[in-house]
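Enquirer: Output the structure for:
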Amino acid sequence: MSVQSGFSRRWQKVRRATGRIPLRIKLISAVLALVLIALGAISIGGITLLRNYLLGPVDTDLLASQHGAQRVTERCLAPGSSLCPLLVPGDVMIDWLTAGGRVQQVWVAVQPQFAAMPSKSNIIPGPAIPARPGWAAGLAGQTVTVPAQSGGGHWRLTAYPTRFINSVTGQTTTGTIIVGADVSSIYRTLDGLALIDLIVSAVVLVALAIVGIAIVRTSLRPLTDIELTAGAIAAGDLSQRVPDRDPRTEVGRLGRSLNAMLAQVEAAFHAREKSEAAARRSEEKMRQFVADASHELRTPLTAIRGYAEYYRQRGGVGNGARHAAPAGTEPILADGGRLTEPDIDRIMQRVEQESARMGVLVEDMLLLARLDQQRPIERRPVDLLTLAADAVQDARMIAPRRKIELTVGRGAAFLVLGDEARLRQVITNLMSNALSHTPDGTPIDVRILTHGPDGRLPVPSVTIEVDDHGPGLSREQAERVFERFYRADQARGRKTGGAGLGLAIVAALVDAHGGAVGVDTAPGSGAMFWITLPLAAEAA
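Expert: Numbering: from 1, shown residues only. A predicted model of the protein is given here:
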């Protein structure tokens, strides 16, 4: 496992290194490498064929010389013989290798020009035979090339294990006959051919490199122009265009397509700039208005709610201190009547309810204003399964007659990085939306599952789906359901929700966490609201 991981890391490093090499260098290097391989294959193949062709007759003669070599060696080893070693002009030698590993010369090759007067000074340096008893055991019927003892020559050798019996004494002599032929001229020819191949290959590679660099530079010049144009456009000059080329070439067609695309991009960019400038001015005014209104309203609303709660906690009109008020000082209504204790209690209760409702609205508006300003949110591992289970349990307590089910999918842990309080608010708003906009008794299904990259998010993520079985939404309602202050029911009744900010807060919070939100619905088929958030690294 470690070997595979180490190899994988090295392979990734090689890929990253090759990814930083310019295209022209890659092309030239690839061509030179292919040519070098081709030249090497041709040279090796040619030299191998010539070597086999030149050494073939030599090997044939050596393998056919067994009987003659045995006769010469037997005469040389005969008792009292003074023939060994024989100095013979030519390129053939015969040695006798005893069972103990000692080499005895039988036939010594002498340079042909000294055939008339052969002497030890004219001997061709023999092969360097290893003095090992079993060295020649595997050469029977085969040939091998060994270097000469000196001078840099080469010998082609074969061996014949032989046993001689003395006819007089009956003594048996065991050893190996080694027959060799001087092939130094053949190897000098092969070395000369290899040198020629090397020189020619070097010249070809240098010439090809010079020509290849010129051709590649010329061929890639249009791409260089496109690169410079793209750099100028990236720097902000959208008026730049790729130089026109022959449309019959690939680069020419590419340049025309790029110029057409750049013209459309420039027009769309300018139009977008104008639209964004206008929208930005309008949005800034709206944000400022919402922020100012929220800050201005929060203080008096807090005071009203405090007085109302204080009034209720002190017992309302039923307090004994107010019974002691002088007669005739009670509040008088417009129709001439007087406020009773139940009237005042009901009024103060309404004041408290409305102040609380407006306080929630102000907090929602402030939250949206903060999200619009892209203020950073807390980033900590949060288990969405726990939040979903808590929301389902709370909904069951609020609506005990409903069937509310939680389905948990298989896969990684449901961990995301985010603000736990805000994510809890997201799930609570989705559950509240399902409870508020469906008839009593309508079942609600909550599902949580993990999945890989898809059309919602390009990374592994976790999805929470809140699926009700209510009346559903029309296409127009589904398109606008996440807008601020939008309500599917225009009556804005107390039972059907607040000011239309719940789903807008959901969309804003999910977007702040880098996720996606949506709804799948149809009239009469219920509505399934879903949120998708990126999985945390700890989820694996």
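
Enquirer: Show me where this protein has its strands.
Expert: Counting by DSSP state E, one finds strands in the chain at the ranges 86-89, 92-98, 103-110, 144-147, 154-165, 172-182, 380-383, 404-408, 415-418, 444-451, 461-468, 516-521, 527-534.

Enquirer: any chance of the ones you listed in a markdown table, with mean neighbour count too?
Expert: Where you see a C-beta, it was placed from the backbone N, CA and C, and this is true even at glycine. Output for those, formatted as a markdown table (neighbours: other CB atoms under 10 Å):
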| stretch | mean neighbour count |
| --- | --- |
| strand 86-89 | 16 |
| strand 92-98 | 23 |
| strand 103-110 | 20 |
| strand 144-147 | 15 |
| strand 154-165 | 19 |
| strand 172-182 | 21 |
| strand 380-383 | 16 |
| strand 404-408 | 16 |
| strand 415-418 | 22 |
| strand 444-451 | 19 |
| strand 461-468 | 23 |
| strand 516-521 | 18 |
| strand 527-534 | 22 |
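
Enquirer: Nearest to Val242 among those strands would be which one?
Expert: Of all the strands of the chain, it is strand 516-521 that lies closest to Val242, at 36.5 Å by CB to CB.

Enquirer: Okay, now the sheet partners of the closest one, with direction.
Expert: Next to strand 516-521 in the sheet, as set by DSSP bridges, lie strand 527-534 (antiparallel).

Enquirer: what mean pLDDT would you report for the strand it pairs with?
Expert: Averaged across strand 527-534, pLDDT comes to 90.

Enquirer: hmm, back to that, rebuild the strands of the chain as JSON lines, extending it with distance to Ile124.
Expert: Listed next are those as JSON lines, based on distance: least, CB to CB, whole Å:
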{"stretch": "strand 86-89", "distance to Ile124": "10"}
{"stretch": "strand 92-98", "distance to Ile124": "8"}
{"stretch": "strand 103-110", "distance to Ile124": "5"}
{"stretch": "strand 144-147", "distance to Ile124": "13"}
{"stretch": "strand 154-165", "distance to Ile124": "9"}
{"stretch": "strand 172-182", "distance to Ile124": "6"}
{"stretch": "strand 380-383", "distance to Ile124": "86"}
{"stretch": "strand 404-408", "distance to Ile124": "92"}
{"stretch": "strand 415-418", "distance to Ile124": "85"}
{"stretch": "strand 444-451", "distance to Ile124": "83"}
{"stretch": "strand 461-468", "distance to Ile124": "84"}
{"stretch": "strand 516-521", "distance to Ile124": "89"}
{"stretch": "strand 527-534", "distance to Ile124": "83"}
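
Enquirer: Which of those sits closest to Arg253?
Expert: The nearest among the strands of the chain, by CB to CB, is strand 516-521 at 37.8 Å.

Enquirer: Just the angle for that closest one relative to strand 461-468, thanks.
Expert: 30 degrees (axes from the mean of the first three to the mean of the last three CA atoms, to 10 degrees).

Enquirer: contact partners of strand 516-521?
Expert: Contacts to strand 516-521, defined as CB atoms under 8 Å, 6 or more residues apart in numbering, come from residues 456-457, 472-473, 478, 481-482, 506-507, 510-511, 527-532.

Enquirer: With stretch 225-244 instead?
Expert: Pro222, Gly252, Leu254, Gly255, Arg256, Leu258, Asn259, Leu262, Val265, Glu266, Phe269.

Enquirer: Mind checking which of the residues you listed are buried?
Expert: By neighbour count, with 16 or more other CB atoms under 10 Å, these hold Pro222, Gly252, Leu254, Gly255, Leu258, Asn259, Leu262, Glu266 as buried.

Enquirer: I figured the second one hits Asn259, correct?
Expert: Pointing back at Gly252 there. No - between Gly252 and Asn259 there is no contact under CB atoms under 8 Å: 10.9 Å.

Enquirer: Low-confidence regions, the stretch 401-540 of the chain specifically.
Expert: Across the stretch 401-540 of the chain, the ranges flagged by pLDDT under 70 are 485-500, 540.

Enquirer: can you give me the helices for it?
Expert: Here the stretch 401-540 of the chain has its helices, by DSSP state H, counting those that start in this stretch, at 420-436, 475-480, 502-512.

Enquirer: Just the buried positions in the shortest one, please.
Expert: Using 16+ other CB under 10 Å as the test for burial, helix 475-480 gives Gln477, Ala478.

Enquirer: what does the longest one give?
Expert: Taking 16+ other CB under 10 Å as the basis for neighbour counts, the residues of helix 420-436 that come out buried are 420, 422-435.

Enquirer: Looking at those, spot the one nearest Val351.
Expert: The closest of these to Val351 turns out to be Ser432 (CB to CB; 24.4 Å).

Enquirer: Look up how far Leu228 lies from Asn251.
Expert: One correction, residue 251 is Val, not Asn. 14 Å (CB to CB, to the nearest Å).

Enquirer: So the two - more neighbours on which side?
Expert: Between Val251 and Leu228, Val251 has the larger neighbour count (other CB atoms under 10 Å), namely 19 against 13.

Enquirer: Could you check how far the spatially closest residue to the more buried one that is not a sequence neighbour is from Pro243?
Expert: Distance criterion CB to CB, 6 or more residues apart in numbering; nearest residue to Val251, sequence neighbours excluded, is Pro222 at 4.2 Å. Using CB to CB, Pro222 is found at 7 Å from Pro243.

Enquirer: Mind listing the shared neighbours of the two?
Expert: With CB under 8 Å, 6+ apart as the test, Pro222 and Pro243 both reach Gly255.
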